[in-house]
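>>> no sequence for this one, just the structure:
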């Protein structure tokens, strides 16, 4: 689903959301809201999820530019 050459699909917003959560994890750790042990569990998990999301995003059929081809 594209509007003006920009994809409006909700599942394409996963990577930016994971990046924001990554930063929030460290912020909350630095503010002592989360323990260091919790931060050490969360941040690698977010990176793994971002990688899996990126892999799955290449299989997206809703946007022709994601498939690396023609429109």
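Sure, I can see it. Computed from a prediction, not measured in an experiment: that's the story for all the values here.
>>> just checking, residue 53 touches residue 16?
No - using C-beta atoms under 8 Å, residue 53 makes no contact with residue 16, being 10.5 Å away. Yep, even glycine has a C-beta here, placed from its N, CA and C like the rest.
>>> Looking at those two, which is more packed in?
Shown here are residue 53 and residue 16; by other C-beta atoms under 10 Å, residue 53 has more neighbours (15 against 10).
>>> In contact with that one, which residues are there?
Contact partners of residue 53, counting by C-beta atoms under 8 Å, 6 or more residues apart in numbering, are 14-15, 18.
>>> What number of residues are in the vicinity of residue 38?
For residue 38, the neighbour count with other C-beta under 10 Å is 13.
>>> what residues are up against it?
By C-beta under 8 Å, 6+ apart, the neighbours of residue 38 are residue 29.
>>> go on, residue 41?
Neighbour list for residue 41: empty [criterion: C-beta under 8 Å, 6+ apart].
>>> Read off the pLDDT value for it.
On pLDDT, residue 41 comes in at 95.
>>> Over to it: give its phi and psi.
The phi and psi torsions at residue 41 (degrees, to the nearest 10) take the values phi -90, psi -40.
>>> Give me the distance between residue 21 and residue 10.
Going from residue 21 to residue 10 by C-beta to C-beta, to the nearest Å gives 16 Å.
>>> Look at residue 44 and give its secondary structure.
helix (DSSP: H, G, I helix; E, B strand; the rest coil).
>>> who has more neighbours, residue 21 and residue 10?
In terms of neighbours (other C-beta under 10 Å), residue 21 is the more surrounded of residue 21 and residue 10; the figures are 15 against 8.
>>> What distance do you get for the more buried one to residue 15?
Applying C-beta to C-beta, the value for residue 21 to residue 15 is 11 Å.
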